[in-house]
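[1] Below is the structure, and that's it, no one-letter string:
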């Protein structure tokens, strides 16, 4: 597994060394759903001033604009960095304290390979629910039980 310079990556993304970092994946086209995704990001933005958030919208331009709206209207531009599609996921995972994502194959595998806990929001697929069950049993995943 490749090692990254945490200080350098934090600086590159305009993040602070003295704050915990949440890496928030929007979930792609088969993710959590727009309203739940926006609600979860809004909750993080409003309630956790001691954290910084990197929110990745992927190739979904509407989601990126909605994320920007949430951040701008909450006046939390300093605390939240919004990215669209990026090839820097391994670097971002290396500086993150927790990942919030759907139980997809690639992201969960990257999270486990990075050896940190991730927060898995409700999956609607059978395979996703099974992954959550297995990872939760191994104590490497927290599961959102909201519908």
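    Received, thanks. Bear in mind that the values here come from a model prediction, so they are computed numbers and not experimental data.
[2] Can you mark which positions in stretch 10-28 are buried?
    10, 13, 15, 19, 21, 22, 23, 24, 25, 26, 27, 28 (16 or more other CB atoms under 10 Å). C-beta here means a position set from N, CA and C on the backbone, and glycine is covered the same way.
[3] Just give the number of residues close to the nearest residue to the fifth one once chain neighbours are set aside.
    Just to be clear, that refers to residue 21. Closest residue to residue 21 apart from its sequence neighbours, by CB to CB, 6 or more residues apart in numbering: residue 96 at 4.8 Å. For residue 96, the neighbour count with other CB atoms under 10 Å is 23.
[4] Residue 96: what's it in contact with?
    21, 22, 23, 54, 116 (CB atoms under 8 Å, 6 or more residues apart in numbering).
[5] And it, how close does it get to residue 53?
    From residue 96 over to residue 53 the distance is 10 Å, taken as CB to CB, to the nearest Å.
[6] Now the common contact residues for the two.
    21, 22.
[7] Just the strands from this structure, written as ranges.
    Assigned by DSSP state E, the strands in the chain fall at 20-25, 51-56, 80-83, 98-101, 118-120, 141-143.
[8] Reformat the ones you listed as JSON lines; add distance to residue 41.
    Formatted as JSON lines, those follow (distance: least, CB to CB, whole Å):
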{"stretch": "strand 20-25", "distance to residue 41": "6"}
{"stretch": "strand 51-56", "distance to residue 41": "6"}
{"stretch": "strand 80-83", "distance to residue 41": "8"}
{"stretch": "strand 98-101", "distance to residue 41": "9"}
{"stretch": "strand 118-120", "distance to residue 41": "13"}
{"stretch": "strand 141-143", "distance to residue 41": "17"}
